[in-house]
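J.: 3D model of this:
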Amino acid sequence: MGLTLSLADAVLKEDYKGPLRKQINDRTKFIAQVENNTEDFAGRRAIVPCHIGRNSGIGYRKEGETLPPAGNQQTVDAIVSMRYGEARIKLTKQVISHMAKDRGAFIRAVKLETDGLVKDVSRDRARQVWATTVGTMAQCGTTSNSTTVQLATSTPEQSLINLREGAVVDIGTTSSPQSVATGRRVTAADLTNKTITIEGAAVTTTASHYISRYGSGGTSTDQRELTPWSTLCGTGTCQSLDGATYPAWQSVVDTNSGTTRPFTEALIEKTSHRAENRSGMVANTVYAEDGTYRAVAQHLKAYQRIVNQVTLKGGHKGISFNFGGDEDVTLVRDRDCPPKTLNGVAPGAISRYVLEDWTWEDEDGNVLRLATDSTHTFEAIYYGFEELAVHVRNALWRIEDVEEV
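T.: Residues are numbered from 1 along each chain as shown. Below is the predicted model:
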C-alpha cells in the first residue's frame, strides 16, 4: 500500500512532536537559561506579584517608649499577557502523490520542512529577545523610489543576516508598521552596503521608517512579539508597572551618553554591585554581542585572568571569570545582543510563562489537514503561546557604550 495521509500524519506526530519542543527552546541561548512557569495564569494572562517595599515597622527605643507603628511588606501586581507564535508548513498533493511509493522519501521531505521550521522559529525567537517591543528588525535609511532599501548605517550585521533572502517583511513607522509596504519578500541582503532588495513596487524611506516581520509589528500598546530585554531591563514601564512610580521597579542602566569607552573590570563591578545592593541578587550571567564579547575576553587574557569554559543549559558555552565578587560570572556570546552593551541577568529574575509550549496543532486529531486557500495542498501548523516576564527588575543591569574589538 502506498503512503496515505494517515501514515503521513503519523510521521509528523511520532517522529517530530516530542523532540521539537525541547529543541526549539534549547536553541535560543537566553530562553534556554530561564525557568518555565506553566501554572500561574488567570485567564489569558499571568499575575506576577512584585516586592517593591519593606516593612517600615522597625526602630530602637528606650525603656517604656512607644513601639514603632506596624508596617507591612509592599507588593504590586505586574500583568503578563501571552504572545502567540504561529508557523506553518505546506505540502502539495502532487508532492504527496509522487512520494507515495517511497515512505522514506516522504519522511525526508517532512524532516526537511520540520527541522527547518524549528531552526527558523528558534532563530526568530532569539532575535525577539534582543529586539524592540514594537517588533522592529532594522531601521531604514534614505531610499528614493527603489526596490533596494537602504538601512541605517548603524545597522548591525546580525540584523541583515536576519533579513536574508526569503524573509517576508513590512516597512513603515513604529505607529504604522505597514504604511510603506506590506508582505514584501526579500530577494537579497547586502551586508557591506547595508541594503536589502525586495520584490514588488519601488518604495521611498527615511530614518523614520523601520523593517518588521510581516504582520508582527505593532505599537507599544499593540504588541505581538515577545517582550524584549530592552523592556525587561529598563527604567520605564514594563508589565503595566511604571518605574517612575515604583523606583524599586528600575534596573541599573549605565550609559556614557553615546560615547564608547573601553571595558574595565571596575565598570562591570560597579554596575553589578549597584544591582546587588538594590535587589539582594547577583547577576552571574552576562550576555554580549560578538564585538563586545571579544573586548572582554581579550581584556581578561591580557591581564592573565583565569578564564574557564562552562556549559550552560541547552549545551551553550560561556567563559567564567571572577572580578572579586562572591560569585563567578559567566560571559555568554549572543549574536543578537545590541552592539556595545553588556547585559547582566540574576538567576530567577526572569521566567518564561508558557500557556502552550511549542507543538503541532492536532485539535481535530490530525496534524496534516487540507489548506483553506482553495488549493490542493495540505498544511501543518506549529505554534507556541509564551511570554518572557521579569520578577525582580532591579536585579538586572545593562552597561552601554562599551568599545568593541
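
J.: Please save the CA atoms from stretch 198-205 in PDB.
T.: Extracted in PDB, the C-alpha atoms of stretch 198-205 (Å, rounded to 0.1, in the frame of the first residue of the first chain):
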ATOM      1  CA  ILE A 198      12.600  43.500  -2.000                       C
ATOM      2  CA  GLU A 199      10.000  42.200  -4.500                       C
ATOM      3  CA  GLY A 200       7.200  44.400  -5.800                       C
ATOM      4  CA  ALA A 201       7.000  48.100  -6.400                       C
ATOM      5  CA  ALA A 202       9.700  50.600  -5.500                       C
ATOM      6  CA  VAL A 203       9.500  52.300  -2.100                       C
ATOM      7  CA  THR A 204      10.700  55.500  -0.600                       C
ATOM      8  CA  THR A 205      12.000  55.500   3.000                       C
END
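
J.: and Arg274, helix, strand or coil?
T.: Using DSSP: H, G, I helix; E, B strand; the rest coil, the structure places Arg274 in helix.

J.: what number of residues lie near it?
T.: As a burial measure, Arg274 scores 15 neighbours (other Cβ atoms under 10 Å). C-beta here means a position set from N, CA and C on the backbone, and glycine is covered the same way.

J.: How about residues contacting stretch 333-344?
T.: Under the criterion Cβ atoms under 8 Å, 6 or more residues apart in numbering, residues 29-30, 126-127, 129-131, 156, 158, 162, 229-230, 233, 260, 263, 268, 271-272, 275, 283, 285-293, 296, 318, 396-404 lie in contact with stretch 333-344.

J.: could you redo the last one with a cut-off of 7 Å?
T.: 29-30, 126-127, 129-130, 156, 158, 229, 233, 260, 268, 272, 275, 283, 286-293, 396-402, 404 (Cβ atoms under 7 Å, 6 or more residues apart in numbering).

J.: Show me just the buried residues among these.
T.: Neighbour counting by 16 or more other Cβ atoms under 10 Å classes 29-30, 126-127, 129-130, 156, 158, 229, 233, 268, 272, 275, 283, 286-293, 396-400, 402 among the contacts of stretch 333-344 as buried.

J.: Inside helices: which ones of the contacts of stretch 333-344?
T.: 29-30, 126-127, 129, 158, 229, 268, 272, 275, 290-293 (DSSP state H).

J.: How about stretch 293-312, which residues are buried there?
T.: Across stretch 293-312, burial judged by 16+ other Cβ under 10 Å covers 293, 295-297, 299-300.

J.: Please list the members of these that lie in helices.
T.: Going by DSSP H, the helices hold 293, 295-297, 299-300 from the buried residues of stretch 293-312.

J.: With distance to Asn343 and pLDDT added, can I get those residues in JSON lines?
T.: As requested, those are exported to JSON lines (distance: Cβ to Cβ, whole Å; pLDDT from 0 to 100):
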{"residue": "Tyr293", "distance to Asn343": "11", "pLDDT": "94"}
{"residue": "Ala295", "distance to Asn343": "14", "pLDDT": "93"}
{"residue": "Val296", "distance to Asn343": "12", "pLDDT": "91"}
{"residue": "Ala297", "distance to Asn343": "16", "pLDDT": "88"}
{"residue": "His299", "distance to Asn343": "17", "pLDDT": "87"}
{"residue": "Leu300", "distance to Asn343": "18", "pLDDT": "82"}
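
J.: mind putting the residues you listed in a markdown table, distance to Leu112 included?
T.: Below are these laid out as a markdown table (distance: Cβ to Cβ, whole Å):
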| residue | distance to Leu112 |
| --- | --- |
| Tyr293 | 33 |
| Ala295 | 39 |
| Val296 | 39 |
| Ala297 | 37 |
| His299 | 43 |
| Leu300 | 42 |
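
J.: ok, so of those residues, who is nearest Asp170?
T.: Asp170 has its nearest neighbour among those in Tyr293, at 31.4 Å by Cβ to Cβ.

J.: measure the residue lying closest to the closest one once chain neighbours are set aside to Arg294 for me?
T.: Distance criterion Cβ to Cβ, 6 or more residues apart in numbering; nearest residue to Tyr293, sequence neighbours excluded, is Arg333 at 4.2 Å. Using Cβ to Cβ, to the nearest Å, one gets 9 Å for the distance from Arg333 to Arg294.

J.: Same question for His316.
T.: 17 Å.

J.: Okay, helices next: where are they in this protein?
T.: Under DSSP H, the chain gives helices at 5-26, 29-33, 93-98, 103-129, 157-162, 229-232, 265-279, 290-302.

J.: Looking at those helices, which is nearest to Val345?
T.: Of these, nearest to Val345 by Cβ to Cβ is helix 29-33, at 7.5 Å.

J.: Identify the residues contacting the closest one?
T.: Outside helix 29-33, the residues that reach it (Cβ under 7 Å, 6+ apart) are 25-26, 125-126, 129, 285, 287, 312-314, 316, 332, 334, 352.
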